[in-house]
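Asker: dropping the sequence and predicted coords here.
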Amino acid sequence: MDEVEGYVKLSQEHIESSLILLEAKKYRSSISSSYYAMFSIAKALLIKEGIETSKHSGVTSFFGQYIVKGKGFDKTVYKYLTRAKTYRKQADYDCTTELDESDAKTIYNRAIIFIQESKKFL
């Protein structure tokens, strides 16, 4: 398995975990897994284009530059990644922010759409 395939597989694992966590009412962990599902497939697309970065900011920035602007990835769907990144930070690091089922479902559903759109570019 090459690196692109590895990140696609990792994305699938994260989205499956997100659903399990959502159903178990572990909303913060579900949000985090949904974000990582998007992050992983975004990395796969960047690697396919020969772009390497390990930082979250690099992935979102380069994805916008090379995949959205350069390849025509849907801008609205791209924003799902950047918004999920904000939610993921809150879920993982801000214990005072309330995150509920609605938030987790929204991020999960957007992750599904992001993954579907991304697969068109693989």
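Answerer: Here it is on my side, so go on. Numbers count the residues shown, from 1 in each chain.
Asker: which one is Ile41 nearest to, not counting chain neighbours?
Answerer: The shortest distance from Ile41 to any residue other than its chain neighbours is 4.0 Å, reached at Ser11 (Cβ to Cβ, 6 or more residues apart in numbering). All C-beta atoms are positioned from the backbone trio N, CA, C, and that covers glycine.
Asker: could you point out which element follows the helix or strand where the one you found lies?
Answerer: When elements are assigned from DSSP states H and E, Ser11 belongs to helix 3-23. Toward the C-terminal end, the helix or strand that comes next after helix 3-23 (DSSP H and E) is helix 27-48.
Asker: from Ala104, how far off is the residue nearest to Ser40 when sequence neighbours are not counted?
Answerer: Closest residue in space to Ser40, ignoring its immediate chain neighbours: Ser11 at 3.9 Å, by Cβ to Cβ, 6+ apart. Distance of Ser11 to Ala104, computed by Cβ to Cβ, to the nearest Å: 18 Å.
Asker: ok, residues contacting the helix holding Ser11?
Answerer: Applying Cβ atoms under 8 Å, 6 or more residues apart in numbering, the contact partners of helix 3-23 are 1, 27, 29-31, 33-34, 36-38, 40-41, 43-44, 47-48, 101, 104-105, 108, 111-112, 115, 119, 122.
Asker: just the buried subset of these, written out for ChimeraX, thanks.
Answerer: For selection in ChimeraX, the members of those meeting the burial criterion (16 or more other Cβ atoms under 10 Å) are listed in this command:
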select :27,29,30,31,33,34,36,37,38,40,41,43,44,47,48,104,108,111,112,115
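Asker: so what's the residue nearest to Phe63 when sequence neighbours are not counted up against?
Answerer: Spatial nearest neighbour of Phe63, excluding adjacent residues (Cβ to Cβ, 6+ apart): Ala42 at 4.9 Å. When contacts are counted by Cβ under 8 Å, 6+ apart, Ala42 is found next to Val59, Thr60, Phe63, Ile67, Leu81, Ser118.
Asker: if we go to 10 Å?
Answerer: Shown in contact with Ala42 (Cβ atoms under 10 Å, 6 or more residues apart in numbering): 7, 11, 56, 59-60, 62-64, 67, 73, 78, 81, 114-115, 118.
Asker: kind regards, and thank you for your time.
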